[in-house]
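Trainee: coords below, sequence missing:
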């Protein structure tokens, strides 16, 4: 049995968890999230906590048990607090600015990159070198942050590019001068 899957998910006040036609819906103050349940997983809803159960035993079922408990917990946390990722832009002339709801990235290419966020994701640029991505869906927030970082990942020599806020970039030494004979 999965150690994570056995733990009940606490449901705060103002949040409702419903299961209908193998669709899990979590509604809270920030909005509503839903996910199609795996056929081997069932959810028992209570007043203050929710339990995830599996219809079988074995390592695959244990993995599903822990996965769906974590997904449910992330959904509950997303509709109450939300999620946020911060990116930093490093490099001379590299910057980001808002154009309406879209973000324009200038990353040393011959053209600026205009990125339109999907519905449910909010992007802000508090300064030209910082980007804040926020939303209810943890997976979607992380995916959008990874997509923005992929436009210009940090390089190991000068560290230029788009990186996560606390990401450590392992630096390499540049070319060494040839030894004089």
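Mentor: Everything's here; your move. In this text the structure is predicted, and so the values were computed from the model without any measurement.
Trainee: give me the low-pLDDT residue ranges for the protein?
Mentor: Within the chain, the stretches with pLDDT under 70 are 1, 177-181.
Trainee: Going along the chain, name the strands of it.
Mentor: 9-10, 16-20, 23-28, 31-36, 41-45, 49-54, 83-90, 95-99, 102-106, 113-115, 121-127, 130-135, 161-164 (DSSP state E).
Trainee: now those strands in TSV, with mean neighbour count and distance to residue 64?
Mentor: (Glycine included, C-beta is placed from N, CA and C.) Output for the strands of the chain, formatted as TSV (neighbours: other C-beta atoms under 10 Å; distance: least, C-beta to C-beta, whole Å):
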stretch	mean neighbour count	distance to residue 64
strand 9-10	16	15
strand 16-20	14	16
strand 23-28	18	14
strand 31-36	14	13
strand 41-45	16	6
strand 49-54	19	6
strand 83-90	18	23
strand 95-99	15	39
strand 102-106	17	37
strand 113-115	14	34
strand 121-127	15	28
strand 130-135	20	26
strand 161-164	19	29
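Trainee: Now render those strands as CSV, adding distance to residue 75.
Mentor: Listed next are the strands of the chain as CSV, based on distance: least, C-beta to C-beta, whole Å:
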stretch, distance to residue 75
strand 9-10, 9
strand 16-20, 8
strand 23-28, 4
strand 31-36, 5
strand 41-45, 11
strand 49-54, 10
strand 83-90, 11
strand 95-99, 29
strand 102-106, 26
strand 113-115, 26
strand 121-127, 16
strand 130-135, 12
strand 161-164, 23
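Trainee: of all those, which lies closest to residue 77?
Mentor: Closest to residue 77 of the strands of the chain is strand 83-90 (C-beta to C-beta; 7.8 Å).
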